[in-house]
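Undergrad: mind looking at a prediction? Sequence and model below.
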Amino acid sequence: MPDLDLDFVRSQFPAFSEASLDGWAFFENAGGSYASRQTIQRLHDFYVKTKVQPYAPYPAASEGGHQMDLAHARLAGLMNVAEDELHIGPSTSQNTYVLAHAFRAGWSEGDEIIVTNQDHEANSGVWRRLESTGIVVREWTVDPETGELNVGDLEDLLSARTKLVAFPHCSNIVAHINPVSEICSLVHDAGAVAVVDGVSAAPHGLPDVEALGADIYLFSAYKTYGPHQGIMVVRRAMGDALPNQSHWFNDGQPHKRLVPAGPDHAQVAACNGIADYVEALHDHHFDSIADGAERGRRVHDLMRNHEIELLGPLVQMLDDRSDVRVLGPTDPHTRVPTVAFATERDAGDVVRSLSESKVMASSGHFYARRLVEALGQPANPGVVRLSFVHYTSASEVAQAMDALTGALHTS
């Protein structure tokens, strides 16, 4: 595995040459990444050249439709799934809302689903609401000390009535990478469906969904260097079994059946920018190959190796302090570089101090209020969170560490 060429990586993101951002270290990536130049160019080109109703026979319309179809095909290839298994909707929250409505139609009162309190609310709240319709909701809870999910606890919750288990690939607070393939295997053995929230994992390398074994995998394009859309993989057998949620005449069109809102044509097409970037990164570091899934796996590992190297010193520095509690594991190999911590100081004051040192970070519960409270922390002001991705440099991590030392000073 080659070392990541950080100069090449950063040259792909216009934000790093933007004068107004000069000197600022961006540690709010879990809330949304910078957009790659490829995404920005794709969006610009669609609005300039093909901003018409797509799929009509005239050139601008046929090209617009082609770009939308291409985005589905290329992203699916990188994630090792079929083109008709990938859906692009307005957001992950909206996609899960539609899924819950679709699944409920086939369930009976007394059927059970399992959710976690480690999740972002987008992959928990919509399922929990089904309790009011007669569905039994069981909660797979985290260890209150570590914030991690114990697989043995899930085994105790599964039953013959379990229909679905929704859980995160990793938490946006604790950041521990859950053993997704092991969990999915257990869920399938129980005859249930595995829904995996990958929003906090996908920015660190697109997943091989086939290898994970998830029936449904969701993440946000705007956190993976793309436009503000929600990407959802629904494996074919599952998609065919779910009732159409779109207009009746769309029933035979896989990309529309589970995305009832009219697609944002330009942003769907701009999702090509994610694939453009991943492929540019691959071809800069590796010999070119035709297998999209292998390209995706290589880039995933390339990103992760760089992140692990940078993450260790930051976590260790925080873990060594007696006035800080790092939430989640301290081993950088078992977590993504999203680092949340509780502190004796007011979390809001800490991030304001970081901003004075030109470090962009935030505080709160980050839509994971159940998790923050399960870890014994108040949802308001919540916790401090710093999150980075592969385009972050060692000097920016050092800048953040220096800024944290000053921000946490209590005398």
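TA: It's in.
Undergrad: report the buried residues of the longest helix seen in the chain.
TA: The longest helix of the chain (DSSP state H) is helix 292-319. Of the residues in helix 292-319, 292-293, 295-300, 302-304, 306-308, 310-312, 314-315, 317-318 count as buried by neighbour count, 16 or more other CB atoms under 10 Å. In this view, the C-beta of every residue, glycine as well, is placed from N, C-alpha and C.
Undergrad: just checking, what packs against it?
TA: helix 59-78, helix 272-285, strand 324-326, strand 338-343, helix 394-407 (3 or more CB pairs under 8 Å, 6 or more residues apart in numbering; DSSP states H and E).
Undergrad: so what touches the shortest one?
TA: This means strand 324-326. Outside strand 324-326, the residues that touch it by CB atoms under 8 Å, 6 or more residues apart in numbering are 315, 318, 319, 339, 340, 341, 342, 343, 408.
Undergrad: ok, now with 10 Å
TA: Strand 324-326 has contacts (CB atoms under 10 Å, 6 or more residues apart in numbering) with 145, 147, 174-175, 314-320, 335, 339-345, 350, 375-377, 383-384, 404, 408.
Undergrad: on that earlier part again, taking strand 338-343 as reference, get the angle to the longest helix of the chain.
TA: Angle of helix 292-319 versus strand 338-343, following axes from the mean of the first three to the mean of the last three CA atoms, to 10 degrees, is 20 degrees.
Undergrad: adjust the sequence numbering to begin at 50 for everything that follows.
TA: With 50 as the first residue, the last one maps to helix 341-368.
Undergrad: what's the mean pLDDT across helix 341-368?
TA: Average pLDDT, helix 341-368: 98.
Undergrad: what do you get for stretch 444-451?
TA: Mean predicted confidence for stretch 444-451 is 98.
Undergrad: so where is the stretch 350-460 of the chain shaky, pLDDT-wise?
TA: 459-460 (pLDDT under 70).
Undergrad: residues near the closest residue to residue 73 other than its chain neighbours, how many?
TA: Counting by CB to CB, 6 or more residues apart in numbering, residue 407 is the residue found nearest to residue 73 once chain neighbours are left out, at 4.8 Å. Residues contacting residue 407 under the criterion other CB atoms under 10 Å number 15.
Undergrad: quick one: the strands in the stretch 150-299 of the chain?
TA: For the stretch 150-299 of the chain, applying DSSP state E, counting those that start in this stretch gives strands covering 161-165, 185-189, 211-217, 242-246, 265-269, 279-283.
Undergrad: among those, which is nearest residue 173?
TA: strand 161-165 (4.9 Å; CB to CB).
Undergrad: to the chain's geometric centre, what's the distance from that closest one?
TA: Centroid displacement of strand 161-165 relative to its chain, using CA atoms, centre = their mean, to the nearest Å, is 20 Å.
Undergrad: equivalent analysis for stretch 99-113, please.
TA: On CA atoms, centre = their mean, the centre of stretch 99-113 falls 31 Å from that of its chain.
Undergrad: gap between the two ends of it?
TA: End-to-end span of stretch 99-113 (CA to CA, to the nearest Å): 5 Å.
Undergrad: and it, which residues are buried?
TA: 99, 101, 103, 112, 113.
Undergrad: could you look up the SS state of the third one?
TA: Spelled out, it's residue 103. Here residue 103 is recorded as coil under DSSP: H, G, I helix; E, B strand; the rest coil.
Undergrad: show me what contacts it?
TA: 95, 109-118, 312, 314-315, 317-318.
Undergrad: before we move on, the earlier item: okay if I get the strands of the stretch 150-299 of the chain as a markdown table plus distance to residue 72 and mean neighbour count?
TA: As requested, these are exported to a markdown table (distance: least, CB to CB, whole Å; neighbours: other CB atoms under 10 Å):
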| stretch | distance to residue 72 | mean neighbour count |
| --- | --- | --- |
| strand 161-165 | 39 | 23 |
| strand 185-189 | 43 | 17 |
| strand 211-217 | 34 | 24 |
| strand 242-246 | 34 | 26 |
| strand 265-269 | 28 | 27 |
| strand 279-283 | 33 | 26 |
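Undergrad: looking at those strands, spot the one closest to residue 91.
TA: strand 279-283 (15.1 Å).
Undergrad: returning to that earlier point: between the strands of the stretch 150-299 of the chain, which one is closest to residue 133.
TA: strand 279-283 (9.4 Å).
Undergrad: from the chain's centroid, how far away is that closest one?
TA: Chain-centre distance of strand 279-283: 11 Å, with CA atoms, centre = their mean.
Undergrad: tell me the domain ranges of this structure?
TA: Recorded structural domains for the chain (assignment: automatic domain parsing) are 55-84+342-456, 90-325.
Undergrad: please produce a markdown table containing the ones you listed, extended by distance to residue 335.
TA: Shown next, in a markdown table, are the domains of the chain (distance: least, CB to CB, whole Å):
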| stretch | distance to residue 335 |
| --- | --- |
| domain 55-84+342-456 | 6 |
| domain 90-325 | 14 |
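Undergrad: quick one: which of these is nearest residue 332?
TA: That would be domain 55-84+342-456 among the domains of the chain, by CB to CB, at 8.5 Å.
Undergrad: show the end-to-end separation of that closest one, please.
TA: 28 Å.
Undergrad: follow-up on the earlier one: of the contacts of strand 373-375, buried ones?
TA: Applying 16+ other CB under 10 Å to those flags 196, 223-224, 363-364, 366-367, 384, 388-392, 394, 399, 424, 426, 432-433, 453, 457 as buried.
Undergrad: picking up where we left off before, tell me which of the strands of the stretch 150-299 of the chain lies nearest to residue 334.
TA: With CB to CB as the criterion, residue 334 lies closest to strand 265-269 of the strands of the stretch 150-299 of the chain, at 22.9 Å.
Undergrad: in the stretch 150-299 of the chain, which spans are helices?
TA: Using DSSP state H, counting those that start in this stretch, the helices found in the stretch 150-299 of the chain span residues 174-177, 200-206, 229-238, 258-261, 285-290.
Undergrad: nearest to residue 74, out of those helices?
TA: helix 229-238 (30.8 Å).
Undergrad: next, the angle strand 242-246 makes with the closest one.
TA: If you take the same axes, to 10 degrees, helix 229-238 sits at 150 degrees to strand 242-246.
Undergrad: restricting to C-alpha, output helix 229-238 in CSV.
TA: Presented in CSV, the C-alpha positions along helix 229-238 are these (Å, rounded to 0.1, in the frame of the first residue of the first chain):
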residue,chain,number,x,y,z
VAL,A,229,-20.9,-5.2,10.5
SER,A,230,-20.5,-8.5,8.7
GLU,A,231,-20.7,-10.4,12.0
ILE,A,232,-23.8,-8.5,13.0
CYS,A,233,-25.5,-8.9,9.6
SER,A,234,-24.8,-12.7,9.7
LEU,A,235,-26.6,-12.9,13.1
VAL,A,236,-29.5,-10.8,11.8
HIS,A,237,-29.9,-13.0,8.8
ASP,A,238,-29.7,-16.2,10.9
